[in-house]
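1. take a look and give me a structure for this.
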Amino acid sequence: MAHGSVTDLSRWPVKSLRGERVDAARFDDRGMAGDRAYALLDERATRTGNVLTVRQNPTMLGWAASYGDVADPTEPPTLRGPDGVDWSWTDPELTDVLTGSLDIPLSLRAADGQQDRGPTVLVTFEASRAGLSDELGADVDLRRFRTNLHVTADLPAFAEEGWEPGTTLTAGEVELAVTGDNAGPCIRCAVPSWDADGRERWRDLQTHLIGRHDNKFGVIMRVTKPGEIRLGDAVRHEP
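-> Down below sits the predicted model:
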């Protein structure tokens, strides 16, 4: 058994846009409430209806999305463009503005549920972030990994790479578990190689993860007991 505390809570209202750090969040059968609940759809002829991501267009990271400081959002998010102008998700002009900004024809979608990978929660650990920074000889910004729950605990760096089904984590009121059905050590795509604002790509980061860590960082978990998590809440890990 290991113990620690919650040191970061981050929510990403629109898939592949920048998100927001919050002081508290609701976790239930949706995962983290409001997380990746909206998406942009690519409307180019050869990709019509596909979800648009940073992999196709890194300039998406110039846009941010936020619900404000609420634990369980019920209203659509507000988007902020690279010019600092705010747009309501329901603004009829938003589609044209995003199309012009990203230079791709697109449409908006309110997701029928949560997350592209299902109702899961991405958990990362400070020991692993610090360990990765040491290995690379440069500080690794946590935002690259689009984590939901970041924990500082008395666990060794990269311990989560070996977590098997049945492993649980209790944070605040919430219990999360590795269940084996798309939940376990997180295999990373190319997105973390982009800095949080989409300005520059650090290819060596993904190359290092592939070569040293089987391309894993963090762990995908499912909520088995719903409730609220707040910054500073106690965390308990049981293998």
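2. and the helix or strand of the chain with the lowest mean pLDDT, what does it pack onto?
-> Least confident element among the helices and strands of the chain, by mean pLDDT, DSSP states H and E: strand 50-51 (a mean of 89). Using 3 or more Cβ pairs under 8 Å, 6 or more residues apart in numbering; DSSP states H and E, the elements in contact with strand 50-51 are strand 38-42. Heads up, the C-betas are built off the backbone N, CA and C, glycines and all.
3. quick one: end-to-end distance for stretch 106-124.
-> Taking Cα to Cα, to the nearest Å, stretch 106-124 runs 32 Å from one end to the other.
4. if I look at the residue nearest to the spatial centre of the chain, how far off is C189?
-> In the chain, the residue lying closest to the centroid (Cα atoms, centre = their mean) is R146, at 3.1 Å. The gap separating R146 from C189 is 10 Å, by Cβ to Cβ, to the nearest Å.
5. phi, psi for the residue of the chain most remote from its centre please.
-> Taking Cα atoms, centre = their mean, the residue of the chain most remote from its mean C-alpha position is A45, at 28.8 Å. The phi and psi torsions at A45 (degrees, to the nearest 10) take the values phi -60, psi -40.
6. A130 now?
-> Torsion angles, degrees, to the nearest 10, at A130: phi -70, psi -40.
7. that one touches L155, doesn't it?
-> No - the criterion here is Cβ atoms under 8 Å, and A130 misses it with L155 at 11.9 Å.
8. low pLDDT regions in this protein?
-> Within the chain, the segments meeting pLDDT under 70 span 111-117.
9. if you set the cut-off to 50 instead, what comes out?
-> The model of the chain has no residue with pLDDT under 50.
10. where do the helices of it begin and end?
-> Secondary structure of the chain by DSSP state H: the helices cover 94-102, 126-136, 203-213.
11. measure the spatially closest residue to L98 that is not a sequence neighbour to A190 for me?
-> What sits nearest to L98 in space, not counting adjacent residues and going by Cβ to Cβ, 6 or more residues apart in numbering, is L106, at 6.0 Å. Relative to A190, L106 is positioned 20 Å away (Cβ to Cβ).
12. so these two - more neighbours on which side?
-> Shown here are L106 and A190; by other Cβ atoms under 10 Å, L106 has more neighbours (18 against 14).
13. how near is the more buried one to F125?
-> With distances taken as Cβ to Cβ, L106 is found 35 Å from F125.
14. and what of P13?
-> Distance, P13 to F125, by Cβ to Cβ: 24 Å.
15. go on, P92?
-> P92 is 43 Å from F125, by Cβ to Cβ.
16. those two: which is more packed in?
-> Comparing P92 with F125 by neighbour count (other Cβ under 10 Å), the higher total belongs to F125, at 28 against 7.
17. let me know whether T179 touches P165 as I believe.
-> Yes - T179 is within contact range of P165, at 5.9 Å (criterion: Cβ under 8 Å).
18. CA atoms only for stretch 139-157, dumped as PDB, please.
-> Output in PDB follows, covering the C-alpha atoms of stretch 139-157 (Å, rounded to 0.1, in the frame of the first residue of the first chain):
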ATOM      1  CA  ASP A 139      11.800  19.400 -17.600                       C
ATOM      2  CA  VAL A 140       8.800  17.700 -19.000                       C
ATOM      3  CA  ASP A 141       5.600  19.800 -18.800                       C
ATOM      4  CA  LEU A 142       2.800  17.700 -17.300                       C
ATOM      5  CA  ARG A 143       0.300  19.400 -19.700                       C
ATOM      6  CA  ARG A 144       1.800  17.400 -22.600                       C
ATOM      7  CA  PHE A 145       0.100  14.300 -21.300                       C
ATOM      8  CA  ARG A 146      -3.400  15.700 -20.900                       C
ATOM      9  CA  THR A 147      -3.800  14.000 -17.600                       C
ATOM     10  CA  ASN A 148      -6.900  14.200 -15.400                       C
ATOM     11  CA  LEU A 149      -5.500  13.300 -12.000                       C
ATOM     12  CA  HIS A 150      -1.900  13.900 -11.000                       C
ATOM     13  CA  VAL A 151      -0.700  12.300  -7.800                       C
ATOM     14  CA  THR A 152       2.400  12.800  -5.600                       C
ATOM     15  CA  ALA A 153       2.800   9.500  -3.600                       C
ATOM     16  CA  ASP A 154       5.400   7.300  -2.000                       C
ATOM     17  CA  LEU A 155       5.700   5.200  -5.200                       C
ATOM     18  CA  PRO A 156       8.800   4.700  -7.300                       C
ATOM     19  CA  ALA A 157       9.000   6.400 -10.700                       C
END
